[in-house]
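J.: Okay, here's the prediction I keep looking at, along with the sequence it came from:
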Amino acid sequence: MNNQVSPAAPSQQSTHIAERVPPHAWFGVSAVFHYLGPSFAVLLFPAVGVLGVAWFRIASAALIFAPFTKPWRTFALASSRERLLLLSLGACLAVMNSAFYLALDRLPIALVAAIEFVGTIGIALWGLRTGRNWLAFALTVFGVALLIDVPWLIGMGGAENGLPIRLASSGHL
């Protein structure tokens, strides 16, 4: 954007705390809230409807984060083209959240969560370089298979039926 207002610098104390917490702890906290939100949201479906829950999520996030981020400053200084891009991004995020909650209404939460990560896993697959990367990818696929209950992939109902067992016995794993 042309004349961006620089965001307020974080306080020394918040920066110090953020640096002391290990990255995997941030990831763990994020993952917990990533799944707790939808888990509680589905309980609201009968009361306000699926799209009502999506609207509630968008509106509550705006009310919580706007006082800290002050998006009206950026919007006021943006050109008309940049404003159109910002509004388009907002509309895209609203449609994305609505689609997510509509999927939660129709499918099990584990399957919806797994589908949500298909793009991320695809990008990771494209960037595989080392044996460690391949191991992480295999563990991710196994974890997703556990989440969405794919018996033929994880070997349930007899170890001879599982894909990892078949790959290992054929020498490909």
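T.: Yes, it's here. Numbering: from 1, shown residues only.
J.: lowest confidence element among the helices and strands of this protein?
T.: Across the helices and strands of the chain, mean confidence by mean pLDDT, DSSP states H and E is lowest for helix 163-170: a mean of 54.
J.: what about the helices in the chain?
T.: All helices of the chain, identified by DSSP state H, fall at 12-20, 23-48, 50-69, 71-77, 80-106, 109-116, 118-126, 131-148, 151-154, 163-170.
J.: Mean neighbour count for these - can I get that in a markdown table?
T.: Heads up, the C-betas are built off the backbone N, CA and C, glycines and all. Formatted as a markdown table, those follow (neighbours: other C-beta atoms under 10 Å):
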| stretch | mean neighbour count |
| --- | --- |
| helix 12-20 | 9 |
| helix 23-48 | 11 |
| helix 50-69 | 14 |
| helix 71-77 | 13 |
| helix 80-106 | 13 |
| helix 109-116 | 16 |
| helix 118-126 | 11 |
| helix 131-148 | 14 |
| helix 151-154 | 16 |
| helix 163-170 | 13 |
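J.: which stretch in the ones you listed has the least confidence?
T.: With a mean of 54, helix 163-170 has the lowest mean pLDDT of the helices of the chain.
J.: So what's the gap between stretch 96-110 and the chain middle?
T.: Computed by C-alpha atoms, centre = their mean, to the nearest Å, the chain-centroid distance of stretch 96-110 equals 13 Å.
J.: Repeat that for stretch 58-73.
T.: Centre-to-centre, stretch 58-73 and its host chain are 20 Å apart (C-alpha atoms, centre = their mean).
J.: Next: stretch 79-97.
T.: Stretch 79-97 has its C-alpha centroid displaced from the chain centroid by 19 Å (C-alpha atoms, centre = their mean).
J.: Also stretch 127-146?
T.: The answer for stretch 127-146 is 18 Å, by C-alpha atoms, centre = their mean.
J.: swap in stretch 102-119?
T.: 11 Å.
J.: Check stretch 65-79 too.
T.: Put simply, stretch 65-79 sits 24 Å off its chain's centre (C-alpha atoms, centre = their mean).
J.: how long is that stretch end to end?
T.: Distance across stretch 65-79, first residue to last, is 23 Å (C-alpha to C-alpha, to the nearest Å).
J.: Can we start the residue count at 299 from this point?
T.: New numbering, starting at 299: the last item is stretch 363-377.
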